[in-house]
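J.: build me a model from this:
(4 chains)
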Number of protein chains: 2
Amino acid sequence: MQSAKPAASTDTAQIILDKSIPLFARSGYAGVSMRDIAKAVGISGAALYHHYPDKQSLYIAAMGYAFSDMAKSIQSTLDFKGTPEERLVRFTTSFTEQMAGAPDFRALLQRELLDGDEERLKLLADKVFVEPFKAMKELAQEMALDCDPHLLAISMAGLILFHFETESIRRYLPGGLKKHNNPKVIAQHVVRLLTGVTGK
Amino acid sequence: MQSAKPAASTDTAQIILDKSIPLFARSGYAGVSMRDIAKAVGISGAALYHHYPDKQSLYIAAMGYAFSDMAKSIQSTLDFKGTPEERLVRFTTSFTEQMAGAPDFRALLQRELLDGDEERLKLLADKVFVEPFKAMKELAQEMALDCDPHLLAISMAGLILFHFETESIRRYLPGGLKKHNNPKVIAQHVVRLLTGVTGK
DNA sequence: GTCTATAGCCTGATAGAC
DNA sequence: GTCTATCAGGCTATAGAC
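T.: Next up is the predicted model:
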C-alpha cells in the first residue's frame, strides 16, 4: 500500500476515463462512440484499444472510477455524532451539496438505474450505496417516525435527488423559481418535511 | 369533434407507435434502430418511412402518444372533493397504482428528463404535468405544512417515483424486501410521511 | 402501402508501421 | 504507445418495382 496519490498518476488510461465520463453522462453508452472519446482525449481511436480491450470495458472502468470517487465523498458525511435531528440536518445538507456539485454522477446514476444489468447494479450498490445506506437506515430508526427504515432511507435520498432529476422540466411547471435549484433551499425543505411541521 | 374512438383506428401508423414505445422505453433513442422497430411491427424498414419521415419524427410521435395516454389517466385522479388529508390519500394511492402499472411511461419519463431538449421538455410539461401539478400545488397549500407549495408538490411526486426508479438496485441494498415494491405499501408510507407521525 | 436493393455514412475493432 | 489504413457490418434513409 502506497501513499494515496502515486506520482505521475495522470497516465493515458486515466485521462481516457476523465474525458469519457462527461460524454457518457451526457449521451449514454449507445450515444457515445469510441471516436468521440478519442477526439476528446486527443488521440486516435485505435490508441484507445491499447488501454481498454473494448468499449464495454472502457465504460465499466469509467463507471467504476466515477462511482468510487463519489463513494468516498458520501461516506465522509456520515461519520458524525449528535442527536438524530442534528445528524439529519448534517446528512441532508452535505448530501444535497454533493449532488448539486456532481451533475455527471447524477446522470450516470440515472442511466445505470435504467440500463444497468444485474452485475453492474450490484457493483454500484456495493461500491457506493451499501455503507451510506446502512447509516441512513440507522438514522431513520432513531428519527422515530414509525416508518419502515428501509422505505424511509430511500425516501430521504429520493426527496433530495428528485429535485435535481426534475431540474430540466421544473422550469416549465407553474411556480418554478431559480431558488428551487439552490441546494440550501432544497436541503432546508427536505429537513422540514422529515422533521414535521415543527421545523427550523 | 368526433367520438373518442374512430372505427378501424388500428392502422399501421398507430401499431408502429404501440410497438416502438416499449423498445424506446427499454433501450432509449440511440439504442433502438429503425430495423428493430420494423421487426417488432412485422414490416420492412423501408415501410416505416411511409408513415414517418424519419426516426426522430417517429420517436416524437411515440412520446406524444405514450404521454397523452398517461396525462388523461393522472388528471382523472385529481378531480376529487374532500378534506386535504382525504385528497392526499386519494392522490397518493391512485398515482402510485398508476405508476406501478406503467413501467414504460416511467422509463420514458426518466429518459426524457435526461435527454430531452427544451422543446420536448416543454411539450411534456404542458401535455402531462402542468394541470396535475397545479392541483398538487393546491393540495400542498391546503396541507398547511408551512412549505413552499412548488417544492412540496415536487416532493410528493418524488417520494412516489423514486421508489420505482430504484427498484432495480434496492434488491442489493440492506433490508430490501419484496413488499417495498408493493404500491399499497409505498403509498401508505408516503402518506404517513406527509401527514406526520400521527398517521394510521 | 409494402417490398427488395442499395447508397452513403458511421460503428467497433484490428493490422502493422514507427 | 500512438499512428494511418482498413475491414466487416450496422445505421438512416432513399429509389423504384409491384
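J.: what about residue A:100, neighbour count?
T.: Residue A:100 has 19 neighbouring residues, counting by other Cβ atoms under 10 Å in any protein chain shown. From N, CA and C alone the C-beta is placed, and that goes for glycine too.
J.: who touches the residue lying closest to it once chain neighbours are set aside in this structure?
T.: Distance criterion Cβ to Cβ, 6 or more residues apart in numbering or on different chains; nearest residue to residue A:100, sequence neighbours excluded, is residue A:183 at 4.0 Å. When contacts are counted by Cβ atoms under 8 Å, 6 or more residues apart in numbering or on different chains, residue A:183 touches A:96-97, A:99-100.
J.: the longest helix anywhere in chain A and DNA strand C, any residue contact?
T.: Counting residues, the longest helix in chain A under DSSP state H turns out to be helix A:55-75. Yes: counting by Cβ under 7 Å from any atom of the strand, DNA strand C has neighbours in helix A:55-75: A:55-56.
J.: could you point out the helix or strand that follows that helix?
T.: helix A:84-100 (DSSP states H and E).
J.: now the angle from the helix or strand that that next one is followed by to helix B:103-115?
T.: Heading C-terminal from helix A:84-100, the first helix or strand you meet, by DSSP H and E, is helix A:103-115. Compare the direction of helix A:103-115 with that of helix B:103-115 by axes from the mean of the first three to the mean of the last three Cα atoms, to 10 degrees and you get 160 degrees.
J.: how about the next helix or strand after helix A:103-115 as CSV, C-alpha atoms only?
T.: Next helix or strand after helix A:103-115 toward the C-terminus (DSSP H and E): helix A:118-124. Provided in CSV are the C-alpha atoms of helix A:118-124 (Å, rounded to 0.1, in the frame of the first residue of the first chain):
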residue,chain,number,x,y,z
GLU,A,118,-27.6,-7.1,-12.6
GLU,A,119,-23.9,-7.3,-12.3
ARG,A,120,-23.3,-3.5,-12.7
LEU,A,121,-26.2,-2.7,-10.3
LYS,A,122,-24.8,-5.0,-7.7
LEU,A,123,-21.4,-3.4,-8.1
LEU,A,124,-22.8,0.1,-7.8
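J.: name the surrounding residues that touch helix A:118-124.
T.: For helix A:118-124, contacts defined as Cβ under 8 Å, 6+ apart pick out A:60, A:63-64, A:67, A:109, A:112-113, A:116, B:168-169, B:171-172.
J.: ok, now which ones touch the nearest residue to residue A:114 once chain neighbours are set aside?
T.: In space, and not counting its chain neighbours, residue A:114 is closest to residue B:110: 5.8 Å by Cβ to Cβ, 6+ apart. Residues in contact with residue B:110 (Cβ under 8 Å, 6+ apart) are A:110, A:113-114, A:165, B:165.
J.: now for those: which two are most distant?
T.: Based on Cβ to Cβ, the longest span within the contacts of residue B:110 runs between A:114 and A:165 and measures 11.8 Å.
J.: so which of these two has more stuff around it?
T.: Ranked by neighbour count (other Cβ under 10 Å), residue A:114 and residue A:165 place residue A:165 first, with 25 against 19.
J.: the more buried one touches residue A:106, doesn't it?
T.: Yes: under the criterion of Cβ atoms under 8 Å, residue A:165 makes contact with residue A:106 at 7.4 Å.
J.: any shared contact partners between these two?
T.: The overlap between the contact sets of residue A:165 and residue A:106 (Cβ under 8 Å, 6+ apart) is empty.
J.: shouldn't residue A:194 be in contact with residue A:160?
T.: No: using Cβ under 8 Å, residue A:194 makes no contact with residue A:160, being 10.5 Å away.
J.: neighbour count for those two, which is higher?
T.: The neighbour comparison of residue A:194 against residue A:160 (other Cβ under 10 Å) goes to residue A:160, with 25 against 21.
J.: do stretch A:167-174 and chain B come into contact?
T.: Yes: using Cβ under 8 Å from any Cβ of the partner chain, stretch A:167-174 reaches chain B at A:168-174.
J.: surely residue A:16 touches residue A:41?
T.: Yes: the criterion here is Cβ under 8 Å, and residue A:16 meets it with residue A:41 at 5.5 Å.
J.: neighbour-wise, which of these two wins?
T.: Ranked by neighbour count (other Cβ under 10 Å), residue A:16 and residue A:41 place residue A:16 first, with 22 against 19.
J.: enumerate every residue touching that one.
T.: Residue A:16 neighbours (Cβ under 8 Å, 6+ apart): A:37, A:41, A:48, A:51-52, A:58.
J.: near DNA strand D, from these?
T.: Contacts with DNA strand D within the contacts of residue A:16, as defined by Cβ under 7 Å from any atom of the strand: residue A:51.
J.: can I get the contacts of residue A:16 in TSV with secondary structure?
T.: Below are the contacts of residue A:16 laid out as TSV (DSSP: H, G, I helix; E, B strand; the rest coil):
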residue	secondary structure
A:37	helix
A:41	helix
A:48	helix
A:51	helix
A:52	coil
A:58	helix
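J.: what is the nearest of the contacts of residue A:16 to residue A:127?
T.: Distance ranking of those against residue A:127, using Cβ to Cβ, places residue A:58 first at 17.7 Å.
J.: torsion angles phi and psi at the nearest residue to the closest one once chain neighbours are set aside?
T.: In space, residue A:58 comes closest to residue A:52 once its chain neighbours are excluded; the distance is 3.9 Å by Cβ to Cβ, 6+ apart. Phi and psi for residue A:52, reported as degrees, to the nearest 10, are phi -140, psi 140.
J.: could you check how far residue A:16 is from residue B:171?
T.: 31 Å (Cβ to Cβ, to the nearest Å).
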